[in-house]
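S.K.: whatever this is, show me its structure:
(4 chains)
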There are 2 protein chains.
Amino acid sequence: MKLEILTNNDNQEIQNGIISNIRDLINYKNLEPGDKLPSERMLSEKFGVSRSNVREAIQKLEFYGILKSKPQSGTFVADIGQVAMNGMLDDILRLKTPDFKSLVETRILLELKTVRLASQRRTDKDLEKMEQALEAYKQKVTNGEDAVQEDLLFHLAIAKASGNSTMNTFMLIITPEIITNFEKYHVCDKNQAFMGIQEHQDIFEAIKAQDPQLAKEKMKIHFKTLYQYCYNI
Amino acid sequence: MKLEILTNNDNQEIQNGIISNIRDLINYKNLEPGDKLPSERMLSEKFGVSRSNVREAIQKLEFYGILKSKPQSGTFVADIGQVAMNGMLDDILRLKTPDFKSLVETRILLELKTVRLASQRRTDKDLEKMEQALEAYKQKVTNGEDAVQEDLLFHLAIAKASGNSTMNTFMLIITPEIITNFEKYHVCDKNQAFMGIQEHQDIFEAIKAQDPQLAKEKMKIHFKTLYQYCYNI
DNA sequence: ATAACCAATCTGGTTAACCAATTTTTCAGG
DNA sequence: CCTGAAAAATTGGTTAACCAGATTGGTTAT
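M.R.: As a prediction, this is how the structure comes out:
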């Protein structure tokens, strides 16, 4: 499953159908927080789909905190009221697979924050990890090899050093999509990789010196040279 | 599945075991991008776990873009090299369920951005939706009722108006956890809800007037009064 | 020697049967 | 009429069987 979240296949169609069926059922039956949904078997029969499909849909809704299923008891609507429930369900149904621009925008937002947090919170162990990643990146670039992976690892090391597990998770989620798009559009050429060494070094030094503002500035520069060619694709 | 991502249960343990087994196997066999993993059946036997467990682990890795399984063919390592792969796998294995502080930090970051984007990109239809949510919120508060849901819906409407589907998704992901924690710690009392009306109104006006800077300031104020009592829990 | 074809096998995905825990119903005993 | 215990039915979760499509290796015709 990519960020077209929690749905590998094109059965997205029928899954959304099930979700909207569940929504209608909740509204029609006026189910309130804590109430029990009909059993999976009943739902699968009612909607004319397989039980696995129902289970997938329920799991997706569970991911978003809308339902909560208890092992040998039933599936219950969570402690959020009908209004919020309907609003969220509409959002979930309308969610589109993110475009590249949206991904880049989000990545920049996240990284300008994680680099500041990392400057404040990094431990010595974090610094070690980052230095390792930086060293590996240098080596690859100077050997003229492709260094997209090492570049990525350096940024993930920063995210980890930020001490914010949510942002760390989000970085992990968008990273593979970013890479895919980079490769598709041939973003990282050799010149930029070479400039990247100094930029990475600057970022690292700022984090080491625990200077959040400087770190942010250096990260901005890094992104500027990175995206100056490729933002209009 | 909550943000302890893609894992409802406490079988987290054995799933991480499988993932680390897969990592070892990839390293030991020197599997490169595009190579095929052993079949699910073989892995389940090799690791001494059920095939469903293996499938779950694979799906999780697929979510992070590390593996890619083709229907009647096999599971393949994605187009990211061994170095990045190992780095990401380590991160994934170390991922902890996010603490409340991390969630709040991330929410503020996201919302200060989405509100600016919404100011620039909001359509008339977006404005309508936001006004509806705002109106519902006012009504509930003036009636002395609990309005956490309506508050949330207003913020989600902003996220949608931002036109950034990735941030919208992330907001949807963290929202339920935020709500749960809010309720657990009794964050939103009646006084704050009343102040919230004016604050929401201000934010809405700024977005309507397409003034990103003002919108951000108003959002900052909103968060300040919201978290001033509860940040030290 | 090469290309085309075919059947046996292996693949991830799907469905149906099964399980243990829970909830509801039942009914004997007071 | 209750009460309560036990049995029957229902639940989500798990496992095993099955499926259709893809792969593979060998065979044959050119």
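
S.K.: can you pull out the helices in chain A?
M.R.: A:12-28, A:40-47, A:51-63, A:82-94, A:100-121, A:124-142, A:148-161, A:165-184, A:190-208, A:212-227 (DSSP state H).

S.K.: to chain B, which of those helices lies closest?
M.R.: Counting by CB to the nearest CB, chain B lies closest to helix A:165-184 out of these; the figure is 2.4 Å. No exception for glycine: its C-beta is placed from N, CA and C like everyone else's.

S.K.: what about the closest one, distance to the chain center?
M.R.: 6 Å (CA atoms, centre = their mean, to the nearest Å).

S.K.: helices and strands around that helix, which ones?
M.R.: On a contact count with 3 or more CB pairs under 8 Å, 6 or more residues apart in numbering or on different chains; DSSP states H and E, helix A:165-184 meets helix A:100-121, helix A:148-161, helix B:82-94, helix B:100-121, helix B:165-184.

S.K.: highest mean neighbour count out of the helices of chain A?
M.R.: Mean neighbours per residue, mean count of other CB atoms under 10 Å in any protein chain shown, is largest over the helices of chain A for helix A:148-161, with a mean of 25.

S.K.: low pLDDT regions in chain A?
M.R.: Applying pLDDT under 70 to chain A flags residues A:1-11, A:183, A:185-191, A:226, A:228-233.

S.K.: who in it is up against DNA strand D?
M.R.: Residues of chain A found near DNA strand D (CB under 7 Å from any atom of the strand) are A:37-42, A:55, A:69-75.

S.K.: 6 Å - rerun?
M.R.: A:Ser39, A:Glu40, A:Arg41, A:Met42, A:Ser69, A:Pro71, A:Gln72, A:Gly74, A:Thr75 (CB under 6 Å from any atom of the strand).

S.K.: in CSV, list these along with distance to B:Ile22.
M.R.: Shown next, in CSV, are the residues of chain A next to DNA strand D (distance: CB to CB, whole Å):
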residue, distance to B:Ile22
A:Ser39, 35
A:Glu40, 30
A:Arg41, 34
A:Met42, 37
A:Ser69, 28
A:Pro71, 27
A:Gln72, 31
A:Gly74, 34
A:Thr75, 31
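
S.K.: from A:Glu199, how far out is A:His222?
M.R.: According to CB to CB, to the nearest Å, A:His222 and A:Glu199 sit 4 Å apart.

S.K.: closest to B:Ser20 out of the helices of chain A?
M.R.: With CB to CB, the closest approach to B:Ser20 among those belongs to helix A:165-184: 16.2 Å.

S.K.: only C-alpha atoms, please: export the closest one in PDB.
M.R.: Only the C-alpha atoms of helix A:165-184 are listed here, as PDB (Å, rounded to 0.1, in the frame of the first residue of the first chain):
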ATOM      1  CA  SER A 165       8.000  10.100  16.200                       C
ATOM      2  CA  THR A 166       5.000  11.400  14.300                       C
ATOM      3  CA  MET A 167       7.100  13.500  11.900                       C
ATOM      4  CA  ASN A 168       9.500  10.600  11.600                       C
ATOM      5  CA  THR A 169       6.700   8.300  10.600                       C
ATOM      6  CA  PHE A 170       5.400  10.800   8.100                       C
ATOM      7  CA  MET A 171       8.800  11.200   6.600                       C
ATOM      8  CA  LEU A 172       9.100   7.400   6.200                       C
ATOM      9  CA  ILE A 173       5.700   7.400   4.500                       C
ATOM     10  CA  ILE A 174       6.400  10.000   1.900                       C
ATOM     11  CA  THR A 175      10.000   9.100   1.200                       C
ATOM     12  CA  PRO A 176       9.500   6.100  -1.100                       C
ATOM     13  CA  GLU A 177       7.100   8.100  -3.200                       C
ATOM     14  CA  ILE A 178       9.500  11.000  -3.400                       C
ATOM     15  CA  ILE A 179      12.200   8.700  -4.600                       C
ATOM     16  CA  THR A 180      10.000   7.100  -7.200                       C
ATOM     17  CA  ASN A 181       9.100  10.500  -8.600                       C
ATOM     18  CA  PHE A 182      12.700  11.700  -8.500                       C
ATOM     19  CA  GLU A 183      13.800   8.700 -10.500                       C
ATOM     20  CA  LYS A 184      10.900   9.100 -12.900                       C
END
